[in-house]
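Student: got a sequence here, can you build the structure:
(2 chains)
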Amino acid sequence: MSTSMGGKPRPVLIRGAAPYGEQAQDLLLAGGVIAAVGAQAATDPRAADAETVDGAGFVVLPGLVDLHTHLREPGREDAETVETGSRAAALGGYTAVFAMPNTDPTADTAGVVEQVYRMGREVGLVDVHPIGAVTVGRKGERLAELAAMAYSAARVRVFSDDGDCVSDPLLMRRALEYVKAFDGVIAQHAQEPRLTQGAQMHEGIVSARLGMAGWPAVAEEAIIARDCLLTDHVGSRLHVCHLSAAGSVDVVAAAKKRGTTVTAEVTPHHLLLTDERAVGYDPVFKVNPPLRTASDIGALRQALADGVIDIVATDHAPHASQDKETEWDNASPGMLGLQTALSVVIETMVRPGLLDWRGVARVMSEAPARIGGLADQGRPLAVGEPASLVLIDPQALWTVDPDALASLSRNTPYAGMQLPGRVVATYLRGRSTVSAAALVGG
Amino acid sequence: MTLAMQPRERAVPESGQTTAGSVRAAAPQLPEVRMPRHLLSAADLDRPTAEHVLSTAQRIEQAMAGREVRKLPTLRGRTVVNLFYEDSTRTRISFELAAKRLSADVINFSAKGSSVSKGESLKDTAWTLQAMGADAVVCRHSSSGAPQQLSAWVDGHVINAGDGTHEHPTQALLDAYTLRRHLGSLDGRRIVVVGDVLHSRVARSNVLLLSTLGAEVTLVAPPTLLPVGVTSWPAAVSYDLDSALVGADAVMMLRVQRERMSGAFFPTEREYSRSYGLDSRRRELIAEHGIVLHPGPMNRGMEITPQVADGAGSVIVEQVANGVTVRMAVLYLLLSGEMDNTATATDSAGGLA
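Tutor: This next block holds a predicted model:
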């Protein structure tokens, strides 16, 4: 067990920081909660022996929650581990992450999800919540023991075959129905497999020029439409992973309008990068679903601002260098995201005026916590609430250096890019995990 | 270095810009020629450069004509590696012959029977070739973009000899060379390319190069065998072969791979052949001076009938011969830039052995 887990943390007095980027004030963190806010913070008796942090110019948000992370453990500890992924998460301002089940062995039993959950607690930098596989081995053939995972110590509520689509409509219907028993949600990787056989990148002008098999947007839109209708029919809860196309936005908007209980996520890379990045054939830009066009990006940003898309999730997908430094067709899809997500959201949403800091808190903390069924994350910055929060320097500019990232892998698509906003400090239930933009004790 | 592949007094027809007898002497007179470091895409060649490659090929052909020893000393001491990850006897042999006729040392490195079949990565293979001092790497690969990736990992010049469903620039150059021999300038010439455009690297390179050279390219295929983004290409698109062929200056038939059948791109071979095959009746629709091309290997009876393949105006066999000449020009132009300091003595002594 790491040192960060032991003992009671010393109280922290954050001076002059701006909750939600609004009125600057003091916050006192003590006993794992926000003990006092405003003028009372500094005069509170517990402030006497508190560590004081100068928060002038900084924004305070509730700790970020990532509904879509790949930690690779067990199975690919050469690409990422629960520990290295937790470090990246804390440095990125996260206090909770949901770990996708495409590990080896697959997280499709109570045993594996409890193992991941326990590893997360031992590292203690962020709350690690395992996502359970929908089907055994993520093969799309028969349901995994979903209830066993739900009632395990890991208390799984989110189920996904991410990386693969639950494409069989009957199996998807059964999964949606079954998880109602424990208020679970199916997080669907929407990809019609027959329409995407051998697909390498977005199907369009660039794929035609580069001679690569196309991944048509309709393969995503068609599955989302089907699943929304199934969700209506059985009265369950659907979450759409990494929505990438303008057409998908329309499908989700129409479903929400008629009352479908569907939520949707977008990744930072789909908010910033286009399929033009594939020119040059550098597989660091290979991702699934693929990078699409500028008009898709415009629609995704607007949908996130309007609430049609509920959350930003990273789809943090570390890959060992040998799985990326290879022919594009052979390369594994996926990108790092935990340490760059907030900056990309600032760049693409906050700076253009599409989202204020309340909005960032909503899409990166509150809504993902609610979708994932977490009672103690994504809470308001108010007295008595858990002291899980992030301190952000919104004016900072930094240049992404793959070697400086905490992840074991280096596959960031933002290498050399200058991005705004820096995580100065992260607190998990009052305990400092990141201080002065560096891991505490790390 | 003086290439000295032909007598100085010999005029160079068609090149227009030069009557100088050596390639070397011609280069400084064409400041607009920008030979790229690697030949990865037909888009790497702007019009002056593409024309320079073709006129260089022409001078090589003239220099080789009637020689007893069909060899030039130009690339003596240079190493050309044919790195073939995909079976392609004709392209490999063509490059091998081109390099050998320029006196280069040639190494054939095929995916079969090498460390590649033991799982060595492209990058490690590239470093191996780099360590062995390959001056040029001719790369054929089933993955689109592999030669471009390779070019980042080796110091030598990389020539794309066909990558996945992307490009095959030397095929386009030999097609353009063949077309110019029969049609003269390609300005305004109507060239119809027929078949599996979606999966064809030959089509992609030809659309780029032929349009660069001023030709009007029309692509004809069933809609299932055209890429979604084809509307952005510098070419017209038609689903009707008969109307596209009327008065065309040339028709280029693409090979239809048998495995496309399983992908349900068209219902039957017979229906494909009926709609998009070139038979004697359709052959009569093109201009009287018109010619028929095919990159090979042909499916006789599928996309082209034997009567047309072997008939008047078919230049299919000539394409093969021109392939060697054009590849000699490409190797020469890519490798000659850095030879100027070192090869003078050899060449003045060796000349045309």
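
Student: so what's the closest residue to residue A:298 other than its chain neighbours up against?
Tutor: Distances taken as C-beta to C-beta, 6 or more residues apart in numbering or on different chains put residue A:246 closest to residue A:298, at 7.6 Å, once the chain neighbours are dropped. Every residue, glycine included, has its C-beta placed from N, CA and C. Contacts of residue A:246 were listed using C-beta atoms under 8 Å, 6 or more residues apart in numbering or on different chains, and they are A:217, A:295, A:296, A:298, A:299, A:300.

Student: what's the helix or strand containing the last one packed up against?
Tutor: Counting by DSSP states H and E, the secondary-structure element that holds residue A:300 is helix A:294-306. Taking 3 or more C-beta pairs under 8 Å, 6 or more residues apart in numbering or on different chains; DSSP states H and E as contact, the helices and strands that helix A:294-306 lies on are helix A:246-257, strand A:262-266, helix A:268-272.

Student: what about that helix, average pLDDT?
Tutor: Averaging pLDDT along helix A:294-306 yields 98.

Student: helices or strands up against the helix or strand following that helix?
Tutor: Downstream of helix A:294-306, the first helix or strand assigned by DSSP H and E is strand A:311-312. Packing partners of strand A:311-312 (3+ C-beta pairs under 8 Å, 6+ apart): strand A:262-266, helix A:367-371.

Student: list the residues that contact the nearest residue to residue A:293 once chain neighbours are set aside.
Tutor: Excluding the flanking residues, the one nearest residue A:293 by C-beta to C-beta, 6+ apart is residue A:274, at 5.7 Å. Going by C-beta under 8 Å, 6+ apart, residue A:274 touches A:291, A:292, A:293, A:294, A:296, A:297.

Student: that older thread, what's the pLDDT at the residue nearest to residue A:298?
Tutor: 98.

Student: how about the helices of chain A, start to end?
Tutor: Assigned by DSSP state H, chain A shows helices spanning A:39-43, A:82-91, A:110-123, A:146-150, A:169-178, A:205-210, A:218-234, A:246-257, A:268-272, A:294-306, A:341-345, A:357-361, A:367-371.

Student: now for the ones you listed, which one comes closest to residue A:184?
Tutor: helix A:146-150 (6.2 Å; C-beta to C-beta).

Student: what helices or strands is the closest one leaning on?
Tutor: helix A:110-123, helix A:169-178.

Student: which of the residues in it are buried?
Tutor: Applying a neighbour-count criterion of 16 or more other C-beta atoms under 10 Å in any protein chain shown, one finds A:146, A:147, A:149, A:150 buried in helix A:146-150.

Student: hmm, back to that, the contacts of residue A:246: which two are farthest apart?
Tutor: Top of the distance list for the contacts of residue A:246 (C-beta to C-beta): A:217 and A:298, 14.1 Å.

Student: ok, of the contacts of residue A:246, which come out buried?
Tutor: A:217, A:296, A:299, A:300.

Student: reformat these as a markdown table; add distance to residue B:262.
Tutor: Putting those into a markdown table (distance: C-beta to C-beta, whole Å) gives the following:
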| residue | distance to residue B:262 |
| --- | --- |
| A:217 | 25 |
| A:296 | 32 |
| A:299 | 36 |
| A:300 | 36 |
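
Student: out of those, which is nearest to residue A:204?
Tutor: Here the nearest of the buried ones among the contacts of residue A:246 to residue A:204, counting by C-beta to C-beta, is residue A:217; it sits at 8.6 Å.

Student: the closest residue to the closest one other than its chain neighbours: how many residues sit nearby?
Tutor: The shortest distance from residue A:217 to any non-neighbouring residue, by C-beta to C-beta, 6+ apart, is to residue A:245 (3.6 Å). By other C-beta atoms under 10 Å in any protein chain shown, the residues close to residue A:245 number 27.

Student: hang on, the earlier thing: any idea which of the helices and strands packed on strand A:311-312 is most buried?
Tutor: When the helices and strands packed on strand A:311-312 are scored by mean count of other C-beta atoms under 10 Å in any protein chain shown, the highest mean neighbour count falls to strand A:262-266 (a mean of 25).

Student: just to revisit the earlier point, to chain B, which of the helices and strands packed on strand A:311-312 lies closest?
Tutor: With C-beta to the nearest C-beta as the measure, strand A:262-266 is the member of the helices and strands packed on strand A:311-312 nearest chain B (23.5 Å).

Student: what pairs with the closest one, and is each one parallel or antiparallel?
Tutor: strand A:238-240 (parallel), strand A:311-312 (parallel) (DSSP bridges).

Student: distance check, the one residue in the stretch 1-150 of chain A that gets nearest to chain B against residue A:321.
Tutor: Using C-beta to the nearest C-beta, the closest approach of the stretch 1-150 of chain A to chain B is made by residue A:78 at 15.4 Å. According to C-beta to C-beta, to the nearest Å, residue A:78 stands 10 Å off from residue A:321.

Student: and residue B:73, how close does it get to residue B:100?
Tutor: 12 Å.

Student: grab the nearest non-local neighbour of the closest residue to chain B within the stretch 51-200 of chain A.
Tutor: As assessed by C-beta to the nearest C-beta, chain B sits closest to residue A:200 within the stretch 51-200 of chain A, at 7.8 Å. Using C-beta to C-beta, 6+ apart and skipping residues adjacent in sequence, the residue nearest residue A:200 is residue A:212, 4.2 Å away.

Student: residues touching that neighbour, list them.
Tutor: Residues counted as contacts of residue A:212 (C-beta under 8 Å, 6+ apart) are A:200, A:201, A:278, A:328, B:144, B:145, B:164, B:165, B:166.

Student: around chain B, which positions in the stretch 201-350 of chain A sit nearby?
Tutor: Contact residues (C-beta under 8 Å from any C-beta of the partner chain) of the stretch 201-350 of chain A with chain B: A:203-214, A:216, A:280-282, A:322, A:325-330.

Student: returning to what we had before: narrow the contacts of residue A:274 to just the buried residues.
Tutor: Among the contacts of residue A:274, the ones that count as buried (16+ other C-beta under 10 Å) are A:291, A:292, A:293, A:296, A:297.

Student: no further questions, thank you.
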